[in-house]
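> The sequence and its predicted three-dimensional model are supplied below.
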Amino acid sequence: MIIHLSAILVLGLMCGSELNVGAFAHPVLNAQNLDVHVPVRAALAKLLGRVMPFWMAGSTLLMLVLLLPFEGLNRTAWRFAAIAFALQVFAVVFSLIFPVPINNRILRWTPETVPQDWQAQEHRWDAYHAFRTLALIVAFGLLTLSLAMR
């Protein structure tokens, strides 16, 4: 039960962080002038680029441990947790392929070195981020449902 609750807590906090970025932080940044927007977005990209690999890996590992037989999930709870785990793995792989390469470019931008297509790159990152966040929120819901079915 402790692993189940820990997995829900870690994934829930990550979902909240991801939702904050997409729903609040980036829209506010998008309203700022270039001299403010670019350094703050680069700083956020750098910070979250350091933190999220550990957060994603930790959350994924907790969910994997939850699926092991000693956790004692019944068949229904295990299935919900397994689907949540699959969505989490998808989100990790998706992140590595799509938003992370863009993030790695954004974190090096300055107002003087920003590329001409910077807005298109940011919009693409935001779209990938929204898709990933939706997958993580669904995983969180399923993981929470698995606890209720336990």
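Structure's in. What do you need? Numbers count the residues shown, from 1 in each chain.
> so what's residue 117 scoring on pLDDT?
On pLDDT, residue 117 comes in at 97.
> In terms of helices and strands, where is residue 89?
Assigned by DSSP states H and E, residue 89 falls within helix 75-97.
> so what secondary structure elements neighbour that helix?
The contact analysis (3 or more CB pairs under 8 Å, 6 or more residues apart in numbering; DSSP states H and E) places helix 75-97 against helix 2-20, helix 34-66, helix 118-149. Just so you know, the C-beta spots here come from the backbone N, C-alpha and C atoms, and that holds for glycine as well.
> Give me the angle between that helix and helix 118-149.
Counting by axes from the mean of the first three to the mean of the last three CA atoms, to 10 degrees, helix 75-97 lies at 170 degrees to helix 118-149.
> Looking at the very next helix or strand once past helix 75-97 now, give me its mean pLDDT.
Elements were assigned by DSSP H and E; along the chain past helix 75-97, the next helix or strand is helix 99-106. What helix 99-106 shows for mean pLDDT is 97.
> try stretch 63-73
93.
> now the end-to-end length of that stretch.
One end of stretch 63-73 to the other measures 12 Å (CA to CA, to the nearest Å).
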